[in-house]
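> Just a sequence and a predicted model for now, questions to come.
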Amino acid sequence: MTGTWHEQLRARGYRVTPQRQLVLEAVSRLGHATPEEICGRVQETARGVNISTVYRTLELLEELGMVTHTHLGHGAPTYHLASEADHVHLVCRGCGEITEVGPELVEGLVSRLEADLGFGTDVRHLTVFGRCRNCRP
């Protein structure tokens, strides 16, 4: 869908509220962030916004295709703008560093899953765990 996020919300019958604006701006500024981190950023401007409002807003924005989430560990999901979601996450189990790489690096895996199993992979939610070069023995 094209147009500003304001236009996207209105075109789908939703109002542009200050809370929605603050949540979307927080996601944009923070990059990968948990709902709690997003809430903390929003509360810097609007103290009255609580975590429930942030969760509901993130759910709506994801439903509308404006944000997406991934799981980078056992904790809460992390959210980022859907327009910037075309990447794979590499998470180091040693130092916790998160590296983003293009989907072309896993194309062999994606192709093999499709050819062998008929499985279509959504790499936007792909997270690979391991150890970075600094943490490897």
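Sure thing, it's come through.
> Can you give me the buried ones in the helix or strand of the chain with the lowest mean pLDDT?
Ranked by mean pLDDT, DSSP states H and E, the helix or strand of the chain with the weakest confidence is helix 5-11, at a mean of 81. Using 16 or more other Cβ atoms under 10 Å as the test for burial, helix 5-11 gives 5, 8-9. For the C-beta atoms, the positions are set from N, CA and C on the backbone; glycine is no exception.
> I'd like the average pLDDT over whichever helix or strand Arg29 is part of.
Assigned by DSSP states H and E, Arg29 belongs to helix 18-30. What helix 18-30 shows for mean pLDDT is 91.
> Could you point out the helix or strand that follows it?
Counting by DSSP H and E, the next helix or strand C-terminal to helix 18-30 is helix 35-43.
> What average pLDDT does the next helix or strand after that following helix get?
Heading C-terminal from helix 35-43, the first helix or strand you meet, by DSSP H and E, is helix 51-63. When pLDDT is averaged over helix 51-63, the result is 93.
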